[in-house]
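S.K.: Fold the following for me, if possible:
(one chain, ligands or ions: 2)
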Amino acid sequence: MDQKTLNAFIAQRLPDHALEQVFYKDESIYRRDVDRIFMRSWVYAGHTSEIPKRGDYFLFNLADESVIIIRSEADEISTLINVCRHRGSRVCIKSSGQTFRLTCPYHGWTYALNGELRGAAHMDDKFDKSSKNLKSVHMRILEGMIYINFAENPCPFDPIVKDLEEVLKPYALGSAKVADRKKYFINANWKLSLENYTECYHCAPAHPEYSRGHGLTLGKEKMETLLDDVMARASACGLSKKYIDNSYPYGEEFGSGRAYTRYPMLRGHVTGSEDGKSVAPLMGSIKDYDGGCTDFQVGPITFALAYCDHVVIYRFIPLSAHTSECDITWLVNGAAADGIDYDKSKLTWLWDVTTEADKFIIEHNQLGVNSRYYEPGPYSEMEAFTDQFVSWYLECLGS
Ligand code: FES
Ligand code: FE
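M.R.: Ligands and ions are numbered 1, 2, ... in the order given. Reported below is the predicted structural model:
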């Protein structure tokens, strides 16, 4: 599709309405999504605790790209493009592991853990090894969370740090550990997956398990009254009193959107679990449960929900025009022991059932959107954030 035709589709969108079908199906729009959103935004790759020792690595794959996230000899994290500088083979094949060097499986070129080319047999004397190190992508670490950006000149990350560091500090995510990580395959365009995450209009009908403990389903006024009590307890519990301040989920600088909000838990729930009771030791320097939880967003496609005893990170990426993946990471206090201080199945229960339910509704959303009878409908007031995302998305796609 040429830009002129695409611009006509963009112009066609009614304000406060869902997107036209073409945005959820068209292959050329999918490729533009990858180029204009995913190759230019800060994207969560993983957590430093997943690669604690030198040589530990995991791969982050997105569209045609693959990045080796590896701890180097100097105990630093490198984010290397997984493309051999000889004839382009993938260097790392296994999705995670530990190695003392990176050896290409094709002709055996060997790279150090920081990407420097160390061995290339049978190359002549004039060959300059130093010009063929593995390429890398930009990387920033926020409280142990590794974010990468494929752009040559990425949008700024500092405003994200500035806005979130105070509120994240009590959770000590830099010394937290990954208790579990799961991927959910979704038979739907990535935007339907992400749009679903950005609204809680569907929570009451689709998520009874979530709705009985979380105040986001109540509507703004009721929620804010309850939130006053939570905020009054924040300092005593060791949490920040910062509320919604400087929230730019999709605005300001391209792709460096960030947001932060708090909302109350309901009916005696202290955390996101099946019975609302604690599922792990308190995070970081938090002293007690304040009766609330914290939502934060880093870049356009990574979200997190911080409870006092665990933090759940969600990342949405496309796999094709018609399929996407939701990747969920559960973080707990770094000192907590699996099977002693927490039970993994209890810890992950709520967001596993909730994500399975989301997968179901998102996939049925795609089936309906595929119909010739589909036409974009109006958003409710509970979908304001979705509307923001969709408007930002169209701006990114426009010429
Ligand atoms: Fe890697 Fe030849 S492609 S060594
Ligand atoms: Fe949901």
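
S.K.: burial of Glu383, as a residue count?
M.R.: Number of residues near Glu383 (other Cβ atoms under 10 Å) recorded here: 20. For glycine as for every other residue, the C-beta is placed from the backbone atoms N, C-alpha and C.

S.K.: Equivalent analysis for Asp33, please.
M.R.: Around Asp33 there are 22 residues (other Cβ under 10 Å).

S.K.: ok, now how distant is it from ligand 1?
M.R.: Here Asp33 is placed at a distance of 30 Å from ligand 1 (Cβ to the nearest ligand atom, to the nearest Å).

S.K.: so which strand or helix has that residue?
M.R.: The secondary structure element spanning Asp33 is helix 27-33 (assigned by DSSP states H and E).

S.K.: and that helix, what does it pack onto?
M.R.: Taking 3 or more Cβ pairs under 8 Å, 6 or more residues apart in numbering; DSSP states H and E as contact, the helices and strands that helix 27-33 lies on are helix 384-397.

S.K.: what's the distance between the helix it packs on and the middle of its chain?
M.R.: 17 Å (Cα atoms, centre = their mean, to the nearest Å).

S.K.: If you count contacts, what does that helix end up packed against?
M.R.: Using 3+ Cβ pairs under 8 Å, 6+ apart, the elements in contact with helix 384-397 are helix 3-12, helix 27-33, helix 190-197.

S.K.: what's the angle between that helix and helix 190-197?
M.R.: 150 degrees (axes from the mean of the first three to the mean of the last three Cα atoms, to 10 degrees).

S.K.: could you give the angle of helix 384-397 to helix 3-12?
M.R.: Computed by the same axes, to 10 degrees, the angle between helix 384-397 and helix 3-12 is 160 degrees.

S.K.: Need the residues that contact helix 384-397.
M.R.: Among residues not part of helix 384-397, those counted as contacts by Cβ atoms under 8 Å, 6 or more residues apart in numbering are 6, 10, 13, 16, 18-19, 29, 32-33, 36-37, 191, 194-195, 198-199, 249-251, 254, 257, 300, 379.

S.K.: cool, and stretch 267-285?
M.R.: Contacts with stretch 267-285, where a contact means Cβ under 8 Å, 6+ apart, come from 169-173, 175-176, 179, 209-210, 212-214, 238, 265, 288-289, 291, 293, 305-312, 331-333, 335-336, 341-343, 346-347, 349-351.

S.K.: Show me these that map onto helices.
M.R.: By the criterion of DSSP state H, membership of those in helices covers Glu209, Tyr210, Lys346, Leu347, Trp349, Leu350, Trp351.

S.K.: picking up where we left off before, how far does the helix holding Asp33 sit from its chain's centre?
M.R.: Helix 27-33 has its C-alpha centroid displaced from the chain centroid by 20 Å (Cα atoms, centre = their mean).

S.K.: could I get it in CSV with only the CA atoms?
M.R.: What follows is helix 27-33 as a C-alpha-only set of coordinates in CSV (Å, rounded to 0.1, in the frame of the first residue of the first chain):
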residue,chain,number,x,y,z
GLU,A,27,0.6,-7.0,5.4
SER,A,28,2.2,-3.7,4.2
ILE,A,29,0.8,-1.9,7.3
TYR,A,30,2.2,-4.6,9.5
ARG,A,31,5.7,-4.0,7.9
ARG,A,32,5.2,-0.2,8.6
ASP,A,33,4.2,-1.0,12.2
